[in-house]
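Undergrad: Attaching a predicted model along with its sequence, questions to come.
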Amino acid sequence: MSLNNLVKRLQDIMRNDAGVNGDAQRIEQIVWILFLKIYDAKEQLWELHVNNYKSIIPEECRWKNWAIDTKDGKALTGENFLNFINNTLIPALKEIEVDEKTPISKAIVKFAFEDAYNYMKDGILLRQVINVIDEVDFTEYEERHAFNEIYEKILKDLQSAGNAGEFYTPRAVTDFMVEMIQPKLGQSIADFACGTGGFLTSTLQYLDKQVTSIDDKAKYNKSIYGIEKKALPHLLCVTNLLLHDIDEPLVIHGNSLDKNVREYKESERFDIILMNPPYGGSEKESVKINFPVELRSSETADLFMSVIMYRMKKEGKAGIILPDGFLFGTDNAKVAIKQKLLKEYNLHTVIRLPHSVFAPYTSITTNILFFDKKGETNGTWFYRMDMPEGYKNFSKTKPMKLEHFAPVMEWWNNREEISVDGFEKAKKYTVDELANRNYNLDLCGFPHEEEEILEPNELIHDYHTKKESLNAKIDDILEKIQAILGVEQ
């Protein structure tokens, strides 16, 4: 079949269904169906290669026994089909029993359907959707890999699907960061808020070029680890990894902040950590107590920075995206986190990203921090990545591309200080210089930033994000004042 028009065909069908409201629900509906189709293809391969293979899915709920329409008039459709999906299929998958002995390749079915829901209300249209998806042959290597581009388009569509956009980091950014980190087969790579799996799949594509033997393939399959708190991105991520030939995707549906950071064992640490942590949110007191007193913060991104530091192996490396607020923040928690980062880790590079990288989800300016655990920081390079020539903003029609990072890559390997029109574009600062600024790392910033004109919905969302970040700072200050006054919180 022609994969290029697959998404459009599905859109055209689903727009006629009264139950599907908006892009986010459409994507969620498509993805759980896709998951089952892709999992069925995996099971066909496992049945060939695993002796006495037994599916964890009840027999009547396996794709081959309900989804395939042989055009003999026996395929379920209409109200009977809706009844089967709503009252048999989805409940059965939610109720699958797993324990610590259940292989990940089987347990992911239950995890994938914990919050799955059928939005469609027309059984005839639902049958049409299933038939279109069933046309893709995921048992064929070439077709499966060709579908990766289609899946990437589905993920990109999330950026304009309300709050779902927070789970997608542009492919150009994840690819650039992986290129700079240069992971190797045999290393363990993690993302503790992995969203739809952008960093993990960029890493896999980089590692795939290093696979030359069966032993290498085994290392490839065990190289990545993810945690995702929310159900939809978790399902998107697991499906994404299955498409990249990871038979046992080690992606946990949970909250990385729920465990006391001082309790991590060496086996729970990683060689490489690549992340775009959630920011702008605040956490409950029950979460904050998982961190040392001096590192407790109301800002989610701050807490993730502590998790990253505690879960990095000796000699480990990290590439982390953080908002401007982390760089210039000088509240007690942020200062303590940055002091720890500079004293116990080597923060060697900070890349200041241009605005609108994450538009339309947010216009908040972000940065990439590259550091390792090979000793303390001797000096930190800051580099301002300016907008490409001819661009005022990145957008859906003019997205960020890996080629836009070419000047950064060229500078990376031949570092020198750069000044443009009297403003620093690239400069190295000593730890003493950073300490004398009270760890305000707002350096090599954008001197002539023009204010971006946003669409009304984007503007409202942007204000909400900034409001959440400001509320978190206010809560933090109030806690300090109450502590000084001895007032119970």
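TA: Cool, got the structure.

Undergrad: And the strands in the stretch 51-200 of the chain?
TA: 189-191 (DSSP state E, counting those that start in this stretch).

Undergrad: So which residues of it form helices?
TA: 63-66, 78-84, 90-94, 104-112, 123-134, 141-157, 171-181, 198-208 (DSSP state H, counting those that start in this stretch).

Undergrad: which residues touch the residue lying closest to residue 56 once chain neighbours are set aside?
TA: Spatially, and ignoring its direct neighbours in sequence, residue 56 is nearest to residue 106 (3.9 Å; C-beta to C-beta, 6 or more residues apart in numbering). Where you see a C-beta, it was placed from the backbone N, CA and C, and this is true even at glycine. Contact partners of residue 106, counting by C-beta atoms under 8 Å, 6 or more residues apart in numbering, are 55, 56, 98.

Undergrad: quick one: which of those is most hemmed in?
TA: residue 56 (18 neighbours; other C-beta atoms under 10 Å).

Undergrad: what's the model's confidence in stretch 375-384, averaged?
TA: The average of the pLDDT scores along stretch 375-384 is 97.

Undergrad: Likewise for stretch 411-421?
TA: 94.

Undergrad: from the chain's centre, how far out does that stretch sit?
TA: 30 Å (C-alpha atoms, centre = their mean, to the nearest Å).

Undergrad: mind listing what's buried in it?
TA: 411, 412 (16 or more other C-beta atoms under 10 Å).

Undergrad: start to end distance for it?
TA: Start-to-end span of stretch 411-421 (C-alpha to C-alpha, to the nearest Å) is 19 Å.

Undergrad: same check, this time on stretch 66-84
TA: 9 Å.

Undergrad: what does that stretch contact?
TA: Contacts to stretch 66-84, defined as C-beta under 8 Å, 6+ apart, come from residues 36-37, 40, 60, 89, 118, 120-124, 126-127, 130-131, 134.

Undergrad: In PyMOL, how would I select just the buried ones from those residues?
TA: Applying 16+ other C-beta under 10 Å to the contacts of stretch 66-84 leaves a buried subset, and the PyMOL line that selects it is:
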select buried, resi 36+37+40+89+118+120+122+123+126+127+130+131+134
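
Undergrad: quick one: which of the contacts of stretch 66-84 is nearest residue 411?
TA: Nearest to residue 411 among the contacts of stretch 66-84, counting by C-beta to C-beta, is residue 37 at 44.7 Å.

Undergrad: For that closest one, give its distance to residue 129.
TA: Residue 37 is 11 Å from residue 129, where distance means C-beta to C-beta, to the nearest Å.

Undergrad: same deal with residue 176?
TA: Distance, residue 176 to residue 129, by C-beta to C-beta: 36 Å.

Undergrad: cool, residue 358 as well?
TA: Counting by C-beta to C-beta - residue 358 and residue 129 are separated by 31 Å.

Undergrad: now swap in residue 363 and tell me
TA: Distance from residue 363 to residue 129, by C-beta to C-beta: 35 Å.

Undergrad: For the helices of the stretch 51-200 of the chain, which has the smallest mean pLDDT value?
TA: Among those, helix 141-157 scores lowest, with a mean of 78.

Undergrad: tilt between that helix and helix 198-208?
TA: 150 degrees (axes from the mean of the first three to the mean of the last three C-alpha atoms, to 10 degrees).

Undergrad: Outside of helix 141-157 itself, list whatever touches it.
TA: For helix 141-157, using C-beta under 8 Å, 6+ apart, the contacting residues are 3-4, 6-7, 23, 27, 30-31, 34, 41, 136-138, 168, 171, 196, 198, 236, 239-240, 243-245, 396, 399.

Undergrad: ditto for stretch 119-134
TA: Residues contacting stretch 119-134 (C-beta under 8 Å, 6+ apart): 6, 9-10, 13-14, 16-21, 25, 28-30, 33-34, 37, 67-69, 75-82, 85, 118.

Undergrad: buried residues in stretch 316-335?
TA: In stretch 316-335, the ones that count as buried by 16+ other C-beta under 10 Å are 316-327, 329, 331-335.

Undergrad: how distant is that stretch from the center of its chain?
TA: With C-alpha atoms, centre = their mean, you get 19 Å for stretch 316-335.

Undergrad: model confidence over that stretch, on average?
TA: Stretch 316-335 comes out at a mean pLDDT of 94.

Undergrad: How about stretch 236-244?
TA: On average, stretch 236-244 scores 90.

Undergrad: Could you do stretch 435-455 as well?
TA: Per-residue scores along stretch 435-455 average to 79.

Undergrad: all numbers from here: first residue = 2
TA: Sure, I'll start numbering at 2, so the last one becomes stretch 436-456.

Undergrad: Now do residue 8, the pLDDT please.
TA: 82.

Undergrad: Report the secondary structure state of it.
TA: Secondary structure for residue 8, judged by DSSP: H, G, I helix; E, B strand; the rest coil, is helix.

Undergrad: just to revisit the earlier point, let me know which of the helices of the stretch 52-201 of the chain is the nearest to residue 407.
TA: Shortest distance between residue 407 and these, using C-beta to C-beta, is found for helix 172-182: 9.8 Å.

Undergrad: List the buried residues in the closest one.
TA: Quick answer for helix 172-182 (16+ other C-beta under 10 Å): 172, 173, 174, 175, 176, 177, 178, 179, 180, 181, 182.

Undergrad: Now do that helix: everything it contacts.
TA: Here helix 172-182 has contacts from 153, 199-200, 202-204, 206-207, 273, 275, 277, 318-320, 322, 354, 358, 369, 371, 400-403, 405-406, 409-410, 413, using C-beta under 8 Å, 6+ apart.

Undergrad: repeat for stretch 373-384
TA: Contacts for stretch 373-384 (C-beta under 8 Å, 6+ apart): 313-319, 342-353, 372, 409, 412, 416, 425-432, 435, 442, 444-445.

Undergrad: Swap in 6 Å and give it another go.
TA: Residues from elsewhere that reach stretch 373-384, judged by C-beta atoms under 6 Å, 6 or more residues apart in numbering: 313, 315-318, 343-344, 346-348, 350-352, 427-432, 444-445.

Undergrad: Might you report the residue contacts of residue 265?
TA: 311, 312.

Undergrad: centre of the chain versus the strand ranked longest in the chain, how much separation?
TA: Longest strand in the chain, counting residues (DSSP state E): strand 313-324. Offset of strand 313-324 from its chain centre (C-alpha atoms, centre = their mean): 15 Å.

Undergrad: With stretch 230-244 instead?
TA: For stretch 230-244 - counting by C-alpha atoms, centre = their mean - the centre lies 9 Å from the chain centre.

Undergrad: of the contacts of stretch 120-135, buried ones?
TA: 7, 10-11, 14-15, 18, 20-21, 26, 29-31, 34-35, 38, 68, 77-78, 82-83, 86, 119.

Undergrad: Drop anything exposed from the contacts of stretch 373-384.
TA: 313, 317-318, 343, 346-348, 350-352, 427-430, 432, 444-445.

Undergrad: Name all residues that make contact with the closest residue to residue 277 other than its chain neighbours.
TA: Closest residue to residue 277 apart from its sequence neighbours, by C-beta to C-beta, 6+ apart: residue 322 at 4.1 Å. Counting by C-beta under 6 Å, 6+ apart, residue 322 touches 277, 367, 369.

Undergrad: Out of the residues you listed, who's the most crowded?
TA: residue 277 (28 neighbours).

Undergrad: pretty sure that residue is touching residue 170, no?
TA: Yes: the criterion here is C-beta atoms under 6 Å, and residue 277 meets it with residue 170 at 4.6 Å.
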